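Asks: Sequence plus predicted model, see below.
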Amino acid sequence: MSEVQPPGSPGPVRAFVGAALIAVGVLIMALCGGCGAIFFAVFFVDAIGHPNDAGTMLIPLALGGVPAAIGFGLFLVGRELRRRPPPGETFS
């Protein structure tokens with residue numbers, strides 16, 4: 001039942017939490033960032049025809065870019081949790 005883990009590998013709880021954070025981060029980046037990118041492209045094409053409305057291109061960057069950056073942060077935290085050994089362990 002109890003398996004010996006190789007040195008340097010994270011514990012099962014850290015690995016699960018890290019994988020969950022990676023999955024949530026990727027979903028947030030794909031959905032929020034993808035939607036923001038589509039709306040940015042639409043507003044960019046609209047700004048070519050109506051140059052006075054070019055300021056509307058900032059809306060998708062703020063509404064889609066901020067959550068996408070948070071998703072990227074969750075992805076990085078989850079990756080670090082899966083890579084780094086638990087604190088207090090030292091290897092010779």
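Replies: Received it, and whenever you're ready, just let me know what you need. Numbers count the residues shown, from 1 in each chain.
Asks: can you list the weak-confidence ranges in the protein?
Replies: Low-confidence segments of the chain (pLDDT under 70): 1-9, 84-92.
Asks: Buried residues, the helix or strand Ile59 falls within. List them.
Replies: Here Ile59, judged by DSSP states H and E, is contained in helix 58-83. Within helix 58-83, the residues scored as buried using 16 or more other Cβ atoms under 10 Å are Pro60, Gly64, Gly65, Pro67, Ala68, Gly71, Leu74, Phe75, Gly78, Leu81, Arg82. Where C-beta positions appear, they are placed from N, C-alpha and C, glycine not excepted.
Asks: Which one of those residues is nearest to Met29?
Replies: Closest approach to Met29 among the buried residues of helix 58-83 (Cβ to Cβ): Gly71, at 3.9 Å.
Asks: Quick check: closest non-adjacent residue to the closest one.
Replies: Nearest non-adjacent residue to Gly71, counting by Cβ to Cβ, 6 or more residues apart in numbering: Ile28, 3.0 Å away.
Asks: and what of Pro67?
Replies: In space, Pro67 is closest to Cys32, 3.9 Å off (Cβ to Cβ, 6+ apart).
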